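A.B. asks: The sequence isn't on hand, but the structure is:
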């Protein structure tokens, strides 16, 4: 069994190198003990010099494969652009601050394989978040359940595991969102397609001193994405999507272009097209304002 661990990266700074090296050192010990293989892929759509230097160092030391996208696209879009460069039977999506232990990571991978799950998501039973952020999270999760009835308590945790076949269906063929609501859309489409998904309780220890995303801005963009998603999933199992090439994917070890960067857009007509175009423009204006 091989696991491909995709870690979307933004402005992490020089500390990223030490964090990922420590993570892979402990994961390597577990891999030897339990006889499984893994690869780590970092992907960023932000040219932040300290972060890029850390990624280049990790790449040159063969600690991780590091990819840089030449256009801003968001967390979900970064993950989708990284998937074609993975080789694992299992796809792991993990936040860059590594908020879970390697033991929990291995346990989750094992459960996914043992019970033949299509998707395993984290349910954060302990968090170090501030009270306002917790309140926003509760409100958001209640709204998602009201709209989509997933039965889950936590839709936005940055730790999810997918079987490769499920990843190809959900991540690459069904998800439109390129931003923060991408985590939720994965679950919604998994439910829509009758895939087998479960939750695992995890202790969530964020390593950052604070979120790099303004909460109100994040909330507005996620609400816009939820509105789009609700429009798309009403009575529909398949949505006509297309990929648009918007830039390049650069591998940071040898500083070379290895492919195209793409974004996913919806083929729509009539009123739905105008509404989706409006929401897309609103999202871009809010998400990347001042960045």
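C.D. replies: Arrived safely. What you see is a predicted model; the values in this text were computed from it and never measured.
A.B. asks: Okay, now the unreliable bits of the stretch 1-150 of the chain?
C.D. replies: The model of the stretch 1-150 of the chain has pLDDT under 70 over residues 127-129.
A.B. asks: the helices in it, which residues?
C.D. replies: Using DSSP state H, counting those that start in this stretch, the helices of the stretch 1-150 of the chain run over 15-34, 49-60, 75-82, 102-114, 131-148.
A.B. asks: so what pLDDT did residue 214 get?
C.D. replies: Model confidence at residue 214, given as pLDDT, is 53.
A.B. asks: And the one 4 residues further on, by the same measure?
C.D. replies: Residue 218 carries a pLDDT score of 65 in this model.
A.B. asks: and of the helices of the stretch 1-150 of the chain, who's closest to residue 245?
C.D. replies: Checking the helices of the stretch 1-150 of the chain against residue 245 by CB to CB gives helix 75-82 as the closest, at 10.9 Å. Heads up, the C-betas are built off the backbone N, CA and C, glycines and all.
A.B. asks: ok, residues contacting that closest one?
C.D. replies: 6, 8, 41, 43-45, 67, 69, 73, 93, 171-172, 175, 177-183, 185, 249, 261-264 (CB atoms under 8 Å, 6 or more residues apart in numbering).
A.B. asks: Surely residue 147 is in contact with residue 230?
C.D. replies: Yes - if you go by CB atoms under 8 Å, residue 147 and residue 230 touch, sitting 5.3 Å apart.
A.B. asks: If any of the contacts of helix 75-82 are buried, give me the ChimeraX selection for them.
C.D. replies: The following ChimeraX command selects only the buried members of the contacts of helix 75-82, with burial defined by 16 or more other CB atoms under 10 Å:
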select :6,8,41,43,44,45,67,69,73,93,171,175,177,178,179,180,181,182,183,185,249,261,262,263,264
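A.B. asks: Which ones among the contacts of helix 75-82 map onto strands?
C.D. replies: 6, 8, 41, 43-44, 67, 69, 93, 249, 261-264 (DSSP state E).
A.B. asks: Tabulate those residues (a markdown table), appending distance to residue 190.
C.D. replies: Shown next, in a markdown table, are those (distance: CB to CB, whole Å):
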| residue | distance to residue 190 |
| --- | --- |
| 6 | 17 |
| 8 | 19 |
| 41 | 22 |
| 43 | 22 |
| 44 | 26 |
| 67 | 25 |
| 69 | 25 |
| 93 | 13 |
| 249 | 26 |
| 261 | 25 |
| 262 | 22 |
| 263 | 22 |
| 264 | 17 |
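A.B. asks: Please name the residues that touch residue 7.
C.D. replies: Taking CB under 8 Å, 6+ apart, one finds 20, 40, 41, 42, 43, 64, 94, 95, 96 in contact with residue 7.
A.B. asks: quick one on the thing from earlier: quick check: of the ones in strands among the contacts of helix 75-82, which lies closest to residue 14?
C.D. replies: Using CB to CB, residue 44 comes nearest to residue 14 of those, at 14.1 Å.
A.B. asks: what's near enough to touch the closest residue to that closest one other than its chain neighbours?
C.D. replies: Closest residue to residue 44 apart from its sequence neighbours, by CB to CB, 6 or more residues apart in numbering: residue 9 at 4.1 Å. Residue 9 makes contacts with 16, 42, 43, 44, 46, 51, 55, 96, as judged by CB under 8 Å, 6+ apart.
A.B. asks: Pull the contacting residues for residue 61.
C.D. replies: Residues counted as contacts of residue 61 (CB under 8 Å, 6+ apart): none.
A.B. asks: mind checking the backbone torsions on it?
C.D. replies: Reported as degrees, to the nearest 10, the phi and psi values for residue 61 are phi -90, psi 10.
A.B. asks: Please report the distance of it from residue 17.
C.D. replies: Going from residue 61 to residue 17 by CB to CB, to the nearest Å gives 9 Å.
A.B. asks: repeat for residue 191
C.D. replies: For residue 191, the distance to residue 17 equals 38 Å [CB to CB].
A.B. asks: Those two - which one has more neighbours?
C.D. replies: Legend: neighbour count by other CB atoms under 10 Å for residue 191 and residue 17, higher for residue 17 (21 against 17).
A.B. asks: I figured that one hits residue 58, correct?
C.D. replies: Yes - contact criterion CB under 8 Å: residue 17 and residue 58 qualify, at 5.9 Å.
A.B. asks: so residue 115 makes contact with residue 200?
C.D. replies: No - applying CB under 8 Å as the test, residue 115 and residue 200 come out as separate, 10.9 Å apart.
A.B. asks: Right, I'll call it a day here.
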